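K.L.:
next comes the sequence, and after it the predicted model I'd like to discuss.
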2 protein chains.
Amino acid sequence: MPITIAVDCMGGDHGPSVTVPAVVEFLGRDPDCSAILVGKEPDIRAHLRGEGGVASRLRVHAASEVVEMHDSVAIAMRNKKDSSMRVAVDLVKAGTANAALSAGNTGALMAVSRFVLKTLPGIDRPAIATILPTVDGHCYVLDLGANVDCTAEHLCQFGIMGTLLMSSLEHRERPRVGLLNIGEEDIKGSDVVKQAAELLKESGLNYCGNVEGDQIWRGAADVVVCDGFVGNVLLKSSEGLAQMIANGLKEEFSRNLLTKLSALLALPVIRAFKRRFDHRAYNGASLLGLKGIVFKSHGSADAYAFRCALERAAEAARESLPEKIAARMARLHPGNGIAVAA
Amino acid sequence: MPITIAVDCMGGDHGPSVTVPAVVEFLGRDPDCSAILVGKEPDIRAHLRGEGGVASRLRVHAASEVVEMHDSVAIAMRNKKDSSMRVAVDLVKAGTANAALSAGNTGALMAVSRFVLKTLPGIDRPAIATILPTVDGHCYVLDLGANVDCTAEHLCQFGIMGTLLMSSLEHRERPRVGLLNIGEEDIKGSDVVKQAAELLKESGLNYCGNVEGDQIWRGAADVVVCDGFVGNVLLKSSEGLAQMIANGLKEEFSRNLLTKLSALLALPVIRAFKRRFDHRAYNGASLLGLKGIVFKSHGSADAYAFRCALERAAEAARESLPEKIAARMARLHPGNGIAVAA
């Protein structure tokens, strides 16, 4: 099935200098995909190089404005209706594209996507899901900040959406769903979390119980469910800690001539280690629960990381992820008169 | 001022084999302190060695039971009234000791301490505070799991207690207090967090605004305030991530003869790095807001880490931390008829 992705080329720290080459590389590897490069045409064209082989599957769609990282959600929504971000999502709504990808402001992207695409029937709140590395693989965590206050029903819906995200992207049946909590026992946690545990037990998902903060990294669950406040703190603090450790190692290795020499000798080890926990490979957070596919790239993504996000968005489109979520919700609440509308 | 610390010698992964030598070492370094070793007398005596110089400041207080790590709070409270943990806290209540230290079950220690010592006037909820390393020092974070649901008032009280903890232990005036949140802007976060920000602004504390997960490690605040659910996830996930990274490095360095050789050459670097982020130096979480001083050591603490916790408990006692907290609360709510009772 041919897939078209609308790419907000202006978002992120590096804009078209990263997004445009990443798209060209992506199209070269995936002959079934096309891309619509959305943004300021001269900026995009300035970075189009070597697209000869994929030119027929590539077109530029002009958008005159850019949502900046510091722009408020209100500005993005009201004052920048011709932003590259908004236009990319509009193209999904219009059916011109099967998915949108942006490295811009997360809050604005969620607000715009929700406003333009609307939420799927049966889903109360869209959520943001990302991938984190574990000792023996990786796991999906949601929500990462779209919903600061969640009910037990929301958490259960996150479990459903996370399950379908993982099984769509990785063709993996029945991933284990864990509930992030502060103890393994059922009696632990807030009332909302305890109620969510009950709902998850009855959900038909492969629910594996409570997961504590340290167990995430041990691969205790494939899908980890939490409210957006906790998920956001978890994600950002983990990024910050990993960065601090990496910088600390770098500093110690560059302290003097001797330590620099030992760094040189340890280079193969350091490279192997970096490959193992390369966060770029996990780039591409999914905005789940909308009538359309929207992915968010890390703002600091390089071309390799951005390409990984493009691949995820394409796979979600190939697997008709929103339709799968809608169908699952309809099975859960058959009386709702839910029609698949994606 | 002479300080006596009641030590639960039976708690933690290693029991008296770690706690008893740590106390002997601690007393050797601090001639103003005495210790009461609480627990099963034969077990304690079996690990008493080299205490000649400090024998006059050391005594054993028998307790027949041990709160195990898997014991429920109910078991610890109702069925184990002669546990080493309970007796150590009782000694503080009786005025025989100025502080108690245990490496046992955190939930049980908080419940026992709260039941025996009671909460300070003006404090709604006791909290657990610990120290985390930052790029250029360290910070105090609370609550770490005592309170899963917090009001804005609770969070503000945590800010007050954290400030007094840091200024007592480090003789540092007006540490910067930050509120853990999912964005820097005032409009971010849940309603509770937004209200807490207002209270903190008016509290007279050195409030420095919102702190995001990654900024904790950058030293954005000296005292970071959050509810116990978020704090527990933050602490455990950070411990788990650091462990995963350390293990990953170790594995890569021991992959073959060549990598092992490079590890040998990099040993001074690795040692310097370990010293820099040595979590053992930060051992000793404080149970704050009680009419008495109780510290919690990490269950896996070695003798060095346990001694660090003993030093913290002694300093809190020297500085009369509970009296300082009570006095500060009385100034905030002068109509409360609060009497210092610690």
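P.N.:
Perfect, I can see it now.

K.L.:
drop to CA atoms for contacts and neighbour counts, all remaining ones
P.N.:
Fine.

K.L.:
show me what the residue sitting nearest the centre point of chain A bridges to in the sheet.
P.N.:
Centrality entry for chain A: nearest residue to the mean C-alpha point is residue A:285, 0.4 Å, by CA atoms, centre = their mean. In this entry, residue A:285 is beta-bridged to residue A:296, by DSSP bridges.

K.L.:
wait, isn't it in contact with residue A:305?
P.N.:
No: counting by CA atoms under 8 Å, residue A:285 stays clear of residue A:305, with 11.6 Å between them.

K.L.:
assign residue A:43 to helix, strand or coil.
P.N.:
Look at residue A:43: counting by DSSP: H, G, I helix; E, B strand; the rest coil, its state is helix.

K.L.:
now do the contacts for the nearest residue to it once chain neighbours are set aside.
P.N.:
Leaving out its chain neighbours, the residue that sits closest to residue A:43 by CA to CA, 6 or more residues apart in numbering or on different chains is residue A:16, at 6.7 Å. Shown in contact with residue A:16 (CA atoms under 8 Å, 6 or more residues apart in numbering or on different chains): A:9-10, A:43-44, A:47.

K.L.:
buried stuff in stretch A:7-22?
P.N.:
A:7-22 (16 or more other CA atoms under 10 Å in any protein chain shown).

K.L.:
let's see it as CSV, backbone CA atoms only.
P.N.:
C-alpha atoms of stretch A:7-22 as CSV (Å, rounded to 0.1, in the frame of the first residue of the first chain):
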residue,chain,number,x,y,z
VAL,A,7,6.5,16.4,6.8
ASP,A,8,6.7,19.7,8.7
CYS,A,9,10.2,20.6,7.4
MET,A,10,10.5,23.7,9.5
GLY,A,11,10.2,22.3,13.1
GLY,A,12,13.0,21.2,15.4
ASP,A,13,16.4,22.7,16.2
HIS,A,14,17.8,22.3,12.7
GLY,A,15,14.8,22.7,10.4
PRO,A,16,15.2,21.8,6.7
SER,A,17,18.9,21.2,6.9
VAL,A,18,18.0,18.0,8.8
THR,A,19,14.4,17.2,7.8
VAL,A,20,14.8,17.5,4.0
PRO,A,21,17.9,15.2,3.6
ALA,A,22,16.3,12.7,6.0
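
K.L.:
how far off centre is that stretch?
P.N.:
16 Å (CA atoms, centre = their mean, to the nearest Å).

K.L.:
cool, and stretch A:318-335?
P.N.:
20 Å.

K.L.:
ditto for stretch A:250-263
P.N.:
36 Å.

K.L.:
can you check stretch A:89-106 too?
P.N.:
Averaging C-alpha coordinates over stretch A:89-106 and over its chain gives two centres that are 13 Å apart (CA atoms, centre = their mean).

K.L.:
contacts for it?
P.N.:
A:3-12, A:36, A:67-71, A:85, A:88, A:109, A:112-113, A:116-117, A:292-299, A:301, A:309-310, A:313-314, A:317.

K.L.:
hey, what's in contact with both of residue A:285 and residue A:305?
P.N.:
Contacts common to residue A:285 and residue A:305, judged by CA under 8 Å, 6+ apart, are residue A:297.

K.L.:
between which two of the contacts of residue A:16 is the distance greatest?
P.N.:
A:10 and A:47 (11.7 Å; CA to CA).

K.L.:
what residues does the stretch 151-300 of chain A have near chain B?
P.N.:
With the criterion set to CA under 8 Å from any CA of the partner chain, the stretch 151-300 of chain A comes near chain B through A:181-182, A:189-190, A:212-218, A:229-230, A:232-242, A:244, A:248-249, A:252-253, A:259, A:262-263, A:265-266, A:268-270, A:272-273.

K.L.:
let me fix that, I meant to ask about the stretch 1-150 of chain A.
P.N.:
Residues of the stretch 1-150 of chain A lying near chain B (CA under 8 Å from any CA): A:134-135, A:145, A:148-149.

K.L.:
now the residues you listed in a markdown table, with pLDDT and neighbour count?
P.N.:
Formatted as a markdown table, those follow (pLDDT from 0 to 100; neighbours: other CA atoms under 10 Å in any protein chain shown):
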| residue | pLDDT | neighbour count |
| --- | --- | --- |
| A:134 | 94 | 19 |
| A:135 | 92 | 16 |
| A:145 | 87 | 24 |
| A:148 | 87 | 19 |
| A:149 | 87 | 15 |
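
K.L.:
could you pull up the residues touching the spatially closest residue to residue A:172 that is not a sequence neighbour?
P.N.:
Residue nearest to residue A:172 in three dimensions, not counting chain neighbours: residue A:166, with 6.8 Å by CA to CA, 6+ apart. By CA under 8 Å, 6+ apart, residue A:166 lies in contact with A:140, A:172, A:175, A:223.

K.L.:
quick check on the residues you listed: which are buried?
P.N.:
For these, a burial check counting by 16+ other CA under 10 Å picks out A:140, A:175, A:223.

K.L.:
circling back: strands - which of the contacts of residue A:166 land there?
P.N.:
A:140, A:223 (DSSP state E).

K.L.:
tell me which of the contacts of residue A:166 has the lowest pLDDT.
P.N.:
Least confident entry in the contacts of residue A:166, by pLDDT: residue A:172, with 89.

K.L.:
hmm, back to that, among the buried residues of stretch A:7-22, name the ones in helices.
P.N.:
A:16-22 (DSSP state H).

K.L.:
just the element for the residue of the stretch 1-150 of chain A found nearest chain B, please.
P.N.:
Proximity of the stretch 1-150 of chain A to chain B (CA to the nearest CA) peaks at residue A:148, 5.6 Å away. Element membership of residue A:148 [criterion: DSSP states H and E] is none; it lies in no helix or strand.

K.L.:
contacts only, for it.
P.N.:
A:227-229, B:189-190.

K.L.:
what's the average pLDDT for the top helix by length along chain A?
P.N.:
As assigned by DSSP H, the longest helix anywhere in chain A is helix A:228-253. Mean pLDDT, helix A:228-253: 92.

K.L.:
mind listing what's buried in that helix?
P.N.:
Buried residues in helix A:228-253 (16+ other CA under 10 Å): A:228-242, A:244-245, A:248-249, A:252-253.

K.L.:
the following helix or strand past that helix vs helix A:228-253, what angle?
P.N.:
Later in the chain than helix A:228-253, the nearest helix or strand by DSSP H and E is helix A:257-265. Counting by axes from the mean of the first three to the mean of the last three CA atoms, to 10 degrees, helix A:257-265 lies at 120 degrees to helix A:228-253.

K.L.:
now what about the helix or strand following helix A:257-265, what contacts it?
P.N.:
Using DSSP H and E, the helix or strand that follows helix A:257-265 towards the C-terminus is helix A:267-276. The contact list for helix A:267-276 (CA under 8 Å, 6+ apart) reads B:248-249, B:252-253, B:259.

K.L.:
any idea how far apart the tips of stretch A:142-154 sit?
P.N.:
End-to-end distance for stretch A:142-154, by CA to CA, to the nearest Å: 11 Å.
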